[in-house]
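Q: sequence and predicted structure are below.
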Amino acid sequence: RKAAFAMVKIFSLLMLGMLLVRNADSFDADLFAIFYPLTIIAHASLVLHCVDFNETYLHVNRNLPLHWLQVALMYCFTWCIILLPEMLFMFVNNHSNLPLVQIAMESVTAVSVLFLFTGMALGCGLDMERYLLFVFMVYIVILILQKSAGHIAGAAAIAILAAMVFKAHYYSFEKEKV
């Protein structure tokens, strides 16, 4: 899990370095719109590992009297911390290519997508094959939403969908006994 975390972070920061630093003089916003969601999608494996760890080793949390919103906030806070290096990298190495509002909305979208992946991991019963199918579909949806509706509306739509998916699957999830 540590190696997966390190590999995802290295890939993510190298991809952002290529997009924002290496191509700063000839920055292409459309290229960024295609490849930045790919860096978010790379974090899907971390989400699956985190949810699996939480449900396997911290299953006592299920017995606590926590509302699903409190658990959702816990996951969102975790995803904010995990995505903090990418957000800081974009703010520092932007070179005035992207508006700051867009960078902020990209960060909100990233946290919303990881939260959506959390709900989907619970809905798929932590089955990797079904989960990866949904991850691929989310990548396509992100591209379409951001291009057609804009970054703010896209982030709002993904956040609402993520909350609905998480609520629908959080209470119905049960870890299969091996």
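A: The structure has been received and is ready for your questions.

Q: strands of the chain, residue ranges please.
A: Counting by DSSP state E, one finds no strands in the chain.

Q: and the lengthiest helix in it, what does it pack onto?
A: Scanning the chain for the longest helix, with DSSP state H as the assignment, gives helix 100-123. Packing partners of helix 100-123 (3 or more Cβ pairs under 8 Å, 6 or more residues apart in numbering; DSSP states H and E): helix 29-42, helix 44-57, helix 68-82, helix 84-92, helix 128-148, helix 151-170. (Glycine included, C-beta is placed from N, CA and C.)

Q: kindly export the second one (C-alpha atoms) in CSV.
A: Read that as helix 44-57. C-alpha atoms of helix 44-57 as CSV (Å, rounded to 0.1, in the frame of the first residue of the first chain):
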residue,chain,number,x,y,z
ALA,A,44,-8.6,5.3,-7.7
SER,A,45,-6.3,2.5,-6.5
LEU,A,46,-5.6,4.5,-3.3
VAL,A,47,-9.3,4.8,-2.7
LEU,A,48,-9.9,1.1,-3.0
HIS,A,49,-6.9,0.4,-0.7
CYS,A,50,-8.2,2.9,1.9
VAL,A,51,-11.8,1.7,1.8
ASP,A,52,-10.6,-1.9,2.0
PHE,A,53,-8.4,-1.1,5.0
ASN,A,54,-11.2,0.8,6.7
GLU,A,55,-13.6,-2.0,6.2
THR,A,56,-11.2,-4.8,7.1
TYR,A,57,-9.1,-3.5,10.0
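
Q: got the buried residues for it?
A: For helix 44-57, burial by neighbour count (16 or more other Cβ atoms under 10 Å) applies to 44-51, 54-55.

Q: looking at the helices and strands packed on helix 100-123, which is nearest to Leu122?
A: helix 151-170 (4.1 Å; Cβ to Cβ).

Q: turn the helices and strands packed on helix 100-123 into JSON lines, including mean pLDDT and distance to Leu98.
A: Shown next, in JSON lines, are these (pLDDT from 0 to 100; distance: least, Cβ to Cβ, whole Å):
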{"stretch": "helix 29-42", "mean pLDDT": "89", "distance to Leu98": "7"}
{"stretch": "helix 44-57", "mean pLDDT": "89", "distance to Leu98": "24"}
{"stretch": "helix 68-82", "mean pLDDT": "94", "distance to Leu98": "20"}
{"stretch": "helix 84-92", "mean pLDDT": "92", "distance to Leu98": "7"}
{"stretch": "helix 128-148", "mean pLDDT": "90", "distance to Leu98": "13"}
{"stretch": "helix 151-170", "mean pLDDT": "93", "distance to Leu98": "10"}
